[in-house]
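Undergrad: Provided below for reference: sequence and predicted model.
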Amino acid sequence: MGGIAVIAFVLIVVLVSSILSMNAPNDGSVDAAPDSSEAEPDGADSVDPADSLEGQDLSPEEKLETLKDDTWDKYADELDGEWVVQLSAKKEGMEADGFTWTNEDVVEHFEELHDIYPDAVLLWSGDWSSYDNSDFWVIVRSVTYPDSDSALNFCYDEGFGPDDCMAKRLFTTGAPDDTSEYMS
């Protein structure tokens, strides 16, 4: 009977060890499969594009591309044909606001505006036919408006100057005619 107790004890130790090793963190070489009870709730599409930069060691160019890709993936269909508020349009080497812009400055500018307006997203003007120039990083709010006057009212209400805010109608196809309205 003593032999049975020893075998039972060994089996319990092996079972407990197996359970503990299954729950232990892995060595980082392979990601563990997510628990289905921790799945994203409905509405996960509204995840903030700026969150995609968290914890990543990316160059300014890679950050801009990541932000742009996330915006395109999440908002392109929603924004196509709609009036939005444009908060900024900058490109590397551009002289504005008293200095020459770098891609790092554009990332920092986006982050500053995004802190104030969490619905701010980054676009690449080359992806949208409503822009004459296809080489600008553009920051818009992802909120849509029924017309340009409604979008411009946001600019006035927020106290923006005429060089800092405008109404823009975004299109992925077509000409850029009549897609920009400026503050007076």
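TA: Looks like it arrived, so ask away. Numbers count the residues shown, from 1 in each chain.

Undergrad: the lengthiest strand in the chain - contacts with which helices or strands?
TA: Among the segments of the chain that qualify as a strand by DSSP state E, the longest is strand 83-90. Using 3 or more CB pairs under 8 Å, 6 or more residues apart in numbering; DSSP states H and E, the elements in contact with strand 83-90 are helix 103-116, strand 137-141, helix 148-157, strand 166-169. In short, each C-beta sits where N, CA and C put it, glycine included.

Undergrad: 10 Å instead?
TA: Using 3 or more CB pairs under 10 Å, 6 or more residues apart in numbering; DSSP states H and E as the contact definition, the elements that strand 83-90 packs against are strand 95-96, helix 103-116, strand 120-124, strand 137-141, helix 148-157, strand 166-169, strand 180-182.

Undergrad: closest to E82 out of the ones you listed?
TA: Closest approach to E82 among these (CB to CB): strand 166-169, 6.9 Å.

Undergrad: what lines up beside that closest one in the sheet?
TA: Sheet pairing for strand 166-169, assigned by DSSP bridges, gives strand 83-90 (antiparallel), strand 180-182 (antiparallel).

Undergrad: tell me the confidence at the nearest residue to L122 once chain neighbours are set aside?
TA: In this structure, L122 finds its nearest non-sequential neighbour in L67, 4.1 Å apart by CB to CB, 6 or more residues apart in numbering. In the predicted model, L67 carries a pLDDT score of 96.
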